[in-house]
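Undergrad: Pasting the sequence and the predicted coordinates here, then a few questions.
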Amino acid sequence: MGHAYRCVAGIDVHQRMLAVVVRHEREDPVEYEPRQFGTTRNEIPHWAAWLQPPQEKEVGMESRAQYWRPAWYGLEPHFGLHLCHPWKVRARRGRKRDYRDA
């Protein structure tokens, strides 16, 4: 049986932008918090600090190219990370949205 996390994040990684969605499962309704960040070296500490866990948090990333590497290295010390294959987690055809992918 898998482990259920109460707070998880999904990241759709692009060359110049990260679409990040954090899912908070509190009492009742589940809340989704979307945000967009840049991928430059100066911006990595900003989004890494925003994701700092108030509780346990797992992060899943979806990326087509090598653009996931800076995000991975910026988050690796703080979170459990999962790199997802884009063909396995993508939205349905014609409905591509960065936050939906995240």
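TA: Sure thing, it's come through.
Undergrad: could you measure Arg23 against Pro34, distance?
TA: 10 Å (CB to CB, to the nearest Å). Any C-beta I mention is one placed from the backbone N, CA and C, and that applies to glycine too.
Undergrad: between the two, which one's more packed in?
TA: Arg23 (16 against 13; other CB atoms under 10 Å).
Undergrad: tell me which element the more buried one is part of?
TA: strand 17-25 (DSSP states H and E).
Undergrad: what sits up against stretch 40-50?
TA: For stretch 40-50, the surrounding residues in contact (CB atoms under 8 Å, 6 or more residues apart in numbering) are Leu18, Val20, Arg35, Phe37, Pro70, Ala71, Gly74, Leu75, His78.
Undergrad: For the fourth one, the count of nearby residues, please.
TA: Each residue near Phe37 was counted by other CB under 10 Å, and the total is 18.
Undergrad: need the contact list for it.
TA: Met17, Leu18, Val20, Glu43, His46, Trp47, Trp50.
Undergrad: Now the buried members of the residues you listed.
TA: With neighbours counted using 16 or more other CB atoms under 10 Å, those contain these buried positions: Leu18, Val20, Trp47.
Undergrad: can you give me the strands for this protein?
TA: For the chain, the strands defined by DSSP state E occupy 7-13, 17-25, 30-38, 58-62, 80-84.
Undergrad: Next, the angle strand 17-25 makes with the first one.
TA: So the one you mean is strand 7-13. Going by axes from the mean of the first three to the mean of the last three CA atoms, to 10 degrees, strand 7-13 is angled at 160 degrees with respect to strand 17-25.
Undergrad: Check which helices and strands strand 7-13 is in contact with.
TA: On a contact count with 3 or more CB pairs under 8 Å, 6 or more residues apart in numbering; DSSP states H and E, strand 7-13 meets strand 17-25, strand 58-62, helix 68-75, helix 98-101.
Undergrad: Looking at the longest one now, give me its mean pLDDT.
TA: Mean per-residue pLDDT for strand 17-25: 86.
Undergrad: No further questions, thank you.
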